[in-house]
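> Could you look at this predicted model? Sequence included:
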Amino acid sequence: MSERITLQVARYRPEKESEIQFESYELPCPKEWVVLDGLNHIKDRIDGTLSYRWSCRMGICGSCGMLVNGEPKLTCATFLADYAPGPVRVEPLRNFPVIRDLVVEIGDFMGKLARVKPWIVRDSEKPLSEGEYRQTPEELDNYKQFSMCINCMLCYSACPIYGLDPHFIGPAAIALAQRYNLDSRDQGAAERMQILSEHDGIWGCTFVGECTKVCPKHVDPAGAIQRYKLQAAMEWVKAFVLPRAAQ
Amino acid sequence: MTPNTAYTPYHPRWHRTRVSTYWWLARGSYFLFILRELSSLAVAWFVVYLLMLISAVSTGNDAYQQFLHWSGTPFALFMNIGSFVFVVLHAVTWFNLAPQAMVVKVGSKRVPGFLIAGSNYAGWVLVSIAIVAILFIQW
Amino acid sequence: MYIKRPIEPLLWLLFSAGGVMAALVMPMTLFLFGLAFPFGWLAPPTYDRLLAIVSNPLTRVILFVLCSLSLFHWAHRFRYTLYDGLQIKHLNEVINMVCYGGAVVGTLVAAYLLVTVP
């Protein structure tokens, strides 16, 4: 078991350079360390100017997504020992503009997320006196997988379509829309269909499937998107065949 | 978080990497994806080939024999061997992806993915047998 | 439900149906007519037999559906491959015309050929 490991970390300091540089850092490699531990060691002991995002360090906040040897990963869930003796290349998430070092601009995703209305949409609210909206375990199972999304954006990094066309609404946004569409308490499926049946919505997806491969929470956004396409197609058939009933 | 990209000392320029035209060579899974998408050309070629066969059959026995002879020429063999590989790639990737695209429920339990893929493969075998039967078995 | 761009679900349905038909039928058929018969591994069916099969109304319908849907499958998939693989989205209208137009032309040719089988 190697005692030390080399990290090649992407650096981008816009105030003094216009291209991304790589700097090598040699660190200890205890077997329980993850990449995030390595980055924290660099910042604490070697180079305090390194900038990166992290928070919970346990795979639930979605902050620490980066490319580790070209693969989108949560750095808090990727063990350094698996890559020993290295070198391990750590880069900011692909397909996003880089603000500084390993920090990317995520405004695009935040805007898209808000567009798909990821909340319960009701035509009419139940008065408080009538109690809560009840849901059976089967109804919960319908959408539970898609509710696991932690907005880490690894799927956007993996999706070549998003890389080629930043207008594409992207895997996580569609999976989260499905999470609410399939929720028995929600009545907003029509509103979301309006948004997602645009050209930069579901139809941009060509089912590459990379998003599902990199998702750390097994949300399967590719499956969500294909099912949504089928749903849209069924809605279209219904509207075509029974125009009045589909109003 | 408005994307204000004007350069100021306190809001420096973001770095955007251009996507290369050869992005699909960067990873094995991207390359396989593009091969899968290119299999549609093999599908289109087969339609052309099939229509040529039908046209030959309509014309007469000589045309049919000529077609069979032509199908042995290097060009036809090259197209057909390549297309066969790609058509099989299409079929395999299609059936393997089917479980992700549809959720089939029996009662309240979800049918596991390998059964959906398996039933697709079974259908493939049945149709293939049927084709051979129609062409060869003396009814 | 109000669907924006209502042509897309139709094109996707055609693509899916074409994909299923192509996946089920083409491998064996191409193996026989493209490899086995030319290489002499199997004797091809006699002319009379093949004519009898092809002139059957049910066969004609199946072959027409197979050809048409497969062409629309190609059109849809190839259109996206050109968008993404070659990054030439700006040639949008031209790509759509060539792909779906080609599928329509092929469908008409298939219809003509299958109707005129003796």
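On my side now, so go ahead. Numbering: from 1, shown residues only, chains lettered A, B, ... in the order given.
> okay, now C:Gly40: neighbour count?
C:Gly40 sits with 9 neighbouring residues when counted by other C-beta atoms under 10 Å in any protein chain shown. Where you see a C-beta, it was placed from the backbone N, CA and C, and this is true even at glycine.
> how close does it get to A:Arg192?
C:Gly40 is 58 Å from A:Arg192, where distance means C-beta to C-beta, to the nearest Å.
> Just give me the neighbour total for residue 80.
Since no chain was named, I'll use chain A. By other C-beta under 10 Å, the residues close to A:Leu80 number 25.
> my bad, chain C
20.
> Which residue lies nearest the spatial centre of chain C?
Centroid-nearest residue in chain C: C:Ser70, 2.4 Å away (criterion: C-alpha atoms, centre = their mean).
> Next: chain B.
Closest-to-mean residue, chain B, C-alpha atoms, centre = their mean: B:His90 / 2.7 Å.
> Isn't it up against C:Leu24?
No: in this structure, B:His90 is not within contact of C:Leu24 by C-beta atoms under 8 Å, at 10.9 Å.
> and A:Leu80, how far is that from A:Trp33?
Following C-beta to C-beta, the distance that separates A:Leu80 from A:Trp33 is 5 Å.
> Strands of chain A, start to end?
Secondary structure of chain A (DSSP state E): strands at A:4-11, A:21-28, A:65-68, A:71-74, A:88-91, A:98-100, A:103-104.
> If you count contacts, what does the fifth one end up packed against?
So that's strand A:88-91. strand A:4-11, helix A:35-41, strand A:65-68 (3 or more C-beta pairs under 8 Å, 6 or more residues apart in numbering or on different chains; DSSP states H and E).
> can you check the third one too?
Other elements packing on strand A:65-68 under the criterion 3+ C-beta pairs under 8 Å, 6+ apart are strand A:71-74, strand A:88-91, helix A:154-158.
> Which parts of chain A belong to which domain?
The record's domain split for chain A, according to automatic domain parsing, is A:4-104, A:107-241.
> Now those domains in TSV, please, with extra columns for mean pLDDT and distance to B:Thr21.
Converted to TSV, those look like this (pLDDT from 0 to 100; distance: least, C-beta to C-beta, whole Å):
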stretch	mean pLDDT	distance to B:Thr21
domain A:4-104	94	16
domain A:107-241	93	10
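> what about the residue lying closest to A:Glu138 once chain neighbours are set aside, how many neighbours?
The spatially closest residue to A:Glu138, leaving aside those adjacent along the chain, is B:Ser108, at 4.7 Å (C-beta to C-beta, 6 or more residues apart in numbering or on different chains). B:Ser108: 10 surrounding residues under other C-beta under 10 Å.
> From A:Glu139, how far out is B:Ser108?
10 Å.
> still on that earlier bit, need the winner for burial among the strands of chain A.
strand A:65-68 (a mean of 24; mean count of other C-beta atoms under 10 Å in any protein chain shown).
> got the residue ranges for the helices in chain A?
A:35-41, A:107-115, A:137-144, A:154-158, A:160-164, A:171-181, A:189-196, A:210-214, A:221-241 (DSSP state H).
> who does the third one touch, helix- and strand-wise?
The reference is to helix A:137-144. Packing partners of helix A:137-144 (3+ C-beta pairs under 8 Å, 6+ apart): helix A:171-181.
> The helix it packs on versus helix A:107-115: what angle between them?
Inter-element angle recorded for helix A:171-181 and helix A:107-115: 10 degrees (by axes from the mean of the first three to the mean of the last three C-alpha atoms, to 10 degrees).
> quick one: helix A:171-181 to helix A:221-241, angle?
If you take the same axes, to 10 degrees, helix A:171-181 sits at 60 degrees to helix A:221-241.
> Any idea how far helix A:171-181 is from the middle of the chain?
What separates the centre of helix A:171-181 from the centre of its chain is 11 Å, taken as C-alpha atoms, centre = their mean, to the nearest Å.
> List the contacts of C:Leu50.
B:57, B:64, B:135, C:44 (C-beta atoms under 8 Å, 6 or more residues apart in numbering or on different chains).
> For the third one, grab the count of nearby residues.
Here the number of neighbours of B:Leu135 (other C-beta under 10 Å) works out to 17.
> and what of the last one?
By the other C-beta under 10 Å criterion, the neighbourhood of C:Pro44 contains 20 residues.
> From the contacts of C:Leu50, pick the one nearest chain A.
B:Leu135 (33.7 Å; C-beta to the nearest C-beta).
> so what secondary structure elements neighbour the biggest helix by length in chain C?
Using DSSP H to define each element, chain C has its longest helix at helix C:57-85. Applying 3+ C-beta pairs under 8 Å, 6+ apart, one finds that helix C:57-85 contacts helix A:160-164, helix B:28-59, helix C:7-30, helix C:47-55, helix C:92-115.
> Who are the contact partners of the nearest residue to A:Ala10 once chain neighbours are set aside?
Leaving aside its chain neighbours, A:Ala10 sits nearest to A:Glu91 (4.3 Å; criterion: C-beta to C-beta, 6+ apart). Shown in contact with A:Glu91 (C-beta under 8 Å, 6+ apart): A:10, A:20, A:66-67, A:70, A:102.
> distance of the residue nearest to the centre of chain B from C:Ala22?
6 Å.
> which residues are common contacts for the two?
With C-beta under 8 Å, 6+ apart as the test, B:His90 and C:Ala22 both reach B:Val43.
> The contacts of C:Leu50: which two are farthest apart?
Farthest apart among the contacts of C:Leu50 by C-beta to C-beta are B:Tyr64 and B:Leu135. That separation is 13.7 Å.
> For chain B, give me its nearest residue in chain C.
For chain C, C-beta to the nearest C-beta, closest residue to chain B: C:Gly34, 3.1 Å.
> what sits against that residue?
Here C:Gly34 is in contact with B:46, B:49, B:71, B:76-77, B:79-81, B:83-84 (C-beta under 8 Å, 6+ apart).
> The residues you listed: which two are farthest apart?
B:Phe46 and B:Leu77 (14.2 Å).
> Roughly how far does A:Ser51 sit from chain B?
A:Ser51 sits at a distance of 12 Å from chain B (criterion: C-beta to the nearest C-beta, to the nearest Å).
> residues near that residue, how many?
For A:Ser51, using other C-beta under 10 Å, the count is 16.
> wouldn't it be in contact with A:Leu102 here?
Yes: between A:Ser51 and A:Leu102 there is a contact under C-beta under 8 Å: 6.6 Å.
> quick one: buried residues of stretch A:155-168?
The neighbour-count check on stretch A:155-168 (16 or more other C-beta atoms under 10 Å in any protein chain shown) flags A:155-166, A:168 as buried.
> now swap in stretch B:102-118 and tell me
Buried residues in stretch B:102-118, counting neighbours by 16+ other C-beta under 10 Å, are found at B:113, B:116-117.
> Contact partners for the closest residue to chain C within chain B?
Chain B approaches chain C most closely through B:Asn80 (3.1 Å), counting by C-beta to the nearest C-beta. Applying C-beta under 8 Å, 6+ apart to B:Asn80 gives the contacts B:49, B:71, C:30, C:33-35, C:38.
> closest to chain A among those residues?
C:Leu30 (23.8 Å).
> OK, now which residue of chain C is nearest to chain A?
For chain C, C-beta to the nearest C-beta, closest residue to chain A: C:Pro9, 3.7 Å.
> who's in contact with the closest residue to that residue other than its chain neighbours?
Ranked by C-beta to C-beta, 6+ apart and with sequence neighbours excluded, the top spatial neighbour of C:Pro9 is A:Trp236, at 3.7 Å. By C-beta under 8 Å, 6+ apart, the contact list for A:Trp236 reads C:3, C:6, C:9-10, C:13.
> which of these has the most neighbours?
For these, neighbours tallied by other C-beta under 10 Å; top is C:Pro9, 24 neighbours.
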